[in-house]
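# A structural model of the following input is requested.
(chains A and B)
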There are 2 protein chains.
Amino acid sequence: MRVKVLGSAAGGGFPQWNCGCSNCSGLRAGTLRGSQRTQTQVALSADPYSWFLLNASPDLRHQTLSSRDFVAPNTGRGTPIAGIVLTSADVDSVMGLLHLREFQPLRILATPSVLRILKEDNSIFRVLDRSIPPTEWVPLPLYKTIPMRGCDAQGVQTNLTCRAMTVGGDFPDYVTPSLRKDLSQNEAVVALEISHRDKSLFYAPSIPELTIACKPSIESSNVALLDGTFWTDCELIHVIGSGKRAREIGHLPLSGEGGLLDQLRNVDRARRVLIHINNTNPVLDEESLANRSARDAGFEISYDGMEFEL
Amino acid sequence: MRVKVLGSAAGGGFPQWNCGCSNCSGLRAGTLRGSQRTQTQVALSADPYSWFLLNASPDLRHQTLSSRDFVAPNTGRGTPIAGIVLTSADVDSVMGLLHLREFQPLRILATPSVLRILKEDNSIFRVLDRSIPPTEWVPLPLYKTIPMRGCDAQGVQTNLTCRAMTVGGDFPDYVTPSLRKDLSQNEAVVALEISHRDKSLFYAPSIPELTIACKPSIESSNVALLDGTFWTDCELIHVIGSGKRAREIGHLPLSGEGGLLDQLRNVDRARRVLIHINNTNPVLDEESLANRSARDAGFEISYDGMEFEL
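Residues are numbered from 1 along each chain as shown, chains lettered A, B, ... in the order given. Below you'll find the predicted structure:
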């Protein structure tokens, strides 16, 4: 299984268009040791012909255009993108689906609640149904291993499987209150275990809490791409002067007692790799104490273009 | 007034992610004389501090990041983007609004019907209301000259004015049928006349038909950025083997009797510039007969990075 990190930043990217924090200003001025990052996007493949996307980033068009892996055929229309699996209805998980309009049959998996948000609360995603045949919107069950394949029109079969598990958390702010009360809370945010033969990838760009199901799945994986959004719980309030705590918006902070680094300090087998890193996070500064602490705790920090072969 | 073309292609850009037409394949192979194009985005300014966007392209994040004009301040949060004016609810006009989430007060103008599509039919755009104060969604009246200014929080005042006029056409396919029947057809797609002192820009990336109000406004403008989507009425059907005619999806074709070039052949004063050019359009090939014909008819073909000083 090949795994590509096409983007590694949280919503807004790095630098963020309207942000003058020390990270963003430092990167623009060239005084910060670090690199530009597009918004989090992962793609994986177990054969030479087809790719699956984990979520659909707002930067997806540029991310796929800048790689030879996703080029269309030389005649007609088509794509090596066989399917997309969504972990939440957050804007940075779903906005990129709109880049995939253009009459292309696709297969999109998400929990039934996330599908309802896209299909019942947001008519704009109906642009994906204009293809012939229309997009297949497939319910993603919790705690059940399912085969990953392309839409019927593509006929892509793989040996990849996917298992989703809840990681707590809530639906995005934007969801209409009348729909929200009909949704299943445990379908709001999921982590994915993607397996191919005896290898597995654990994927969780948002971890509101490390639920009981997660830890063994992380420990048994070969690579775990984990929520690296915030370093501290109050980081956003500290930088923009108002707002919410990391935990309130569905991200366990990295540092401190009970933080992600602390809770996963003793994982040995899996490569633990931070992704979905917010522009305010000090780990983005490669000379920072935070960056050093994360690496000392055995974590890698993903970057745009990082690849894994499992 | 400074006018910047940040993107010049129709929906999907050029090349398009899933397209193997002769234009897209030729551009990828380096055998077509032409250039890459992001999706149509225009920005304008009449002072050194603030910019207004005409529509919000799916590529907006990359388009603004690649220009020094849109950089955030060195501390705190902020943006030189004072407001956005929408000409329709098409995905390629509105998707980029989601790039502008991130707690930034903004002012967005659109016809009352387009506002209803965004506010009542698509909860995802509520992410823009998280800023303090929240985004101002301002109804854009038809045939009335209004001042352009920033949101109250920014306090940006300009000498720019805007006048919207209907150009026929319909709302996007995706709109929920129950909402659609409540909307005013003449608010579906508009052209804009943006004026500063005695200079004016005419902006119409979608022209379903050249209505009576449009022609004098085009003739009296200094620069008219005009719908260059398709060369022929059946272009899309010809390339993808199915689909709809240009006129059916709201674009007067460029060529032929009654086409845009024919109808505006005798306009003298205005620079007539084609924008929103679809990846299938032969004018994208600089060595094509179509490209030559458009230029012989007195039209320019916009490109990413083109600028005007009015």
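# please make it C-alpha for all contacts and neighbour counts, starting now.
Will do.
# what packs against the longest strand belonging to chain A?
Using DSSP state E, we find that the single longest strand of chain A is strand A:157-166. In terms of contacts (3 or more Cα pairs under 8 Å, 6 or more residues apart in numbering or on different chains; DSSP states H and E), strand A:157-166 is packed against strand A:145-149, strand A:190-196.
# for the most centrally placed residue in chain A, give its distance to residue A:22.
For chain A, residue A:205 is the residue whose C-alpha lies nearest the centre (Cα atoms, centre = their mean; 4.5 Å). Per Cα to Cα, to the nearest Å, residue A:205 is found 24 Å from residue A:22.
# for the residue nearest to the centre of chain A, which non-adjacent residue is spatially closest?
Among residues not flanking residue A:205 along the chain, residue A:227 sits closest, at 4.3 Å (Cα to Cα, 6 or more residues apart in numbering or on different chains).
# what residues are up against the closest residue to chain B within the stretch 151-300 of chain A?
At 5.2 Å from chain B, residue A:174 is the closest residue in the stretch 151-300 of chain A, using Cα to the nearest Cα. The contact partners of residue A:174, by Cα atoms under 8 Å, 6 or more residues apart in numbering or on different chains, come to B:123-127.
# how about residue A:18?
By Cα under 8 Å, 6+ apart, the neighbours of residue A:18 are B:71-73, B:77-79, B:102, B:104.
# quick check: bridge partners of the residue of the stretch 101-250 of chain A found nearest chain B?
Residue nearest to chain B within the stretch 101-250 of chain A: residue A:122 (4.0 Å; Cα to the nearest Cα). Residue A:122 has the following beta-bridge partners by DSSP bridges: residue B:122.
# send me the longest strand of chain A as PDB with only the CA atoms.
Once non-C-alpha atoms are left out, strand A:157-166 reads as follows in PDB (Å, rounded to 0.1, in the frame of the first residue of the first chain):
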ATOM      1  CA  GLN A 157     -11.600  -3.900  -7.200                       C
ATOM      2  CA  THR A 158      -8.900  -3.900  -4.500                       C
ATOM      3  CA  ASN A 159      -7.600  -5.900  -1.600                       C
ATOM      4  CA  LEU A 160      -8.000  -2.800   0.600                       C
ATOM      5  CA  THR A 161     -10.400  -2.900   3.500                       C
ATOM      6  CA  CYS A 162     -11.600  -0.100   5.700                       C
ATOM      7  CA  ARG A 163     -12.900   0.000   9.300                       C
ATOM      8  CA  ALA A 164     -14.300   3.200  10.800                       C
ATOM      9  CA  MET A 165     -14.500   3.800  14.600                       C
ATOM     10  CA  THR A 166     -15.900   6.700  16.500                       C
END
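# buried stuff in that strand?
Within strand A:157-166, the residues scored as buried using 16 or more other Cα atoms under 10 Å in any protein chain shown are A:160-166.
# which parts of the stretch 151-300 of chain A are strands?
A:157-166, A:190-196, A:199-204, A:223-227, A:271-275, A:299-301 (DSSP state E, counting those that start in this stretch).
# what pLDDT does residue A:266 get?
With respect to pLDDT, residue A:266 scores 89.
# ok, it - contacts?
With contact set as Cα under 8 Å, 6+ apart, residue A:266 has no partners.
# interface residues of the stretch 101-250 of chain A facing chain B?
When proximity is defined by Cα under 8 Å from any Cα of the partner chain, the stretch 101-250 of chain A lies next to chain B at A:101-102, A:104, A:121-127, A:173-176, A:239-240.
# which members of those are the farthest-apart pair?
The largest separation in these, counting by Cα to Cα, is between A:104 and A:239 at 41.3 Å.
# which one's more surrounded, these two?
Shown here are residue A:104 and residue A:239; by other Cα atoms under 10 Å in any protein chain shown, residue A:104 has more neighbours (22 against 17).
# residue A:67: neighbour count?
The number of residues packed near residue A:67 is 11, by other Cα under 10 Å.
# my bad, residue A:196
Residues near residue A:196, counting by other Cα under 10 Å, number 16.
# surely it meets residue A:162?
No: proximity of residue A:196 to residue A:162 does not meet the contact threshold set by Cα atoms under 8 Å, at 9.2 Å.
# hmm, back to that, from what I can see the residue nearest to the centre of chain A touches residue A:276, true?
Yes: Residue A:205 is within contact range of residue A:276, at 5.6 Å (criterion: Cα under 8 Å).
# what's the overlap in contacts for the two?
Contacts common to residue A:205 and residue A:276, judged by Cα under 8 Å, 6+ apart, are A:40, A:226-228.
# can you redo those as JSON lines with neighbour count?
Shown next, in JSON lines, are these (neighbours: other Cα atoms under 10 Å in any protein chain shown):
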{"residue": "A:40", "neighbour count": "30"}
{"residue": "A:226", "neighbour count": "24"}
{"residue": "A:227", "neighbour count": "25"}
{"residue": "A:228", "neighbour count": "29"}
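# would a markdown table of those with pLDDT be doable?
Formatted as a markdown table, the shared contacts of residue A:205 and residue A:276 follow (pLDDT from 0 to 100):
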| residue | pLDDT |
| --- | --- |
| A:40 | 98 |
| A:226 | 98 |
| A:227 | 98 |
| A:228 | 98 |
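# just the closest of those residues to residue B:192, please.
For the shared contacts of residue A:205 and residue A:276, the minimum distance to residue B:192 (Cα to Cα) is 35.9 Å, reached by residue A:40.
# contact partners for the closest one?
With contact set as Cα under 8 Å, 6+ apart, residue A:40 has these partners: A:5-11, A:57, A:92, A:205, A:275-276.
# who wins for neighbours among those residues?
With neighbours defined as other Cα under 10 Å, the most crowded of the contacts of residue A:40 is residue A:205; it has 32 neighbours.
# quick one, phi psi at residue A:99?
phi -70, psi -20 (degrees, to the nearest 10).
# what about the closest residue to it other than its chain neighbours, distance to residue A:166?
Among residues not flanking residue A:99 along the chain, residue A:61 sits closest, at 6.2 Å (Cα to Cα, 6+ apart). Note on residue A:61: its distance to residue A:166, by Cα to Cα, is 29 Å.
# in the stretch 151-300 of chain A, mark out all the helices, start to finish.
A:177-180, A:214-220, A:235-240, A:260-263, A:289-296 (DSSP state H, counting those that start in this stretch).
# which one of those lies closest to residue B:249?
When the helices of the stretch 151-300 of chain A are compared (using Cα to Cα), the closest one is helix A:177-180, at 32.1 Å.
# for that closest one, the distance to its chain's centre please.
Chain-centre distance of helix A:177-180: 25 Å, with Cα atoms, centre = their mean, to the nearest Å.
# buried residues, that helix. List them.
The neighbour-count check on helix A:177-180 (16+ other Cα under 10 Å) flags residue A:180 as buried.
# same thing with stretch A:259-279?
Neighbour count says stretch A:259-279 has A:259-261, A:264, A:270-279 buried, by 16+ other Cα under 10 Å.
# kindly report the same for stretch A:238-254.
A:239-240, A:243, A:245-247, A:249-254.
# would you list these in a markdown table and tack on pLDDT?
Formatted as a markdown table, the buried residues of stretch A:238-254 follow (pLDDT from 0 to 100):
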| residue | pLDDT |
| --- | --- |
| A:239 | 85 |
| A:240 | 78 |
| A:243 | 79 |
| A:245 | 95 |
| A:246 | 96 |
| A:247 | 95 |
| A:249 | 93 |
| A:250 | 95 |
| A:251 | 97 |
| A:252 | 97 |
| A:253 | 98 |
| A:254 | 98 |
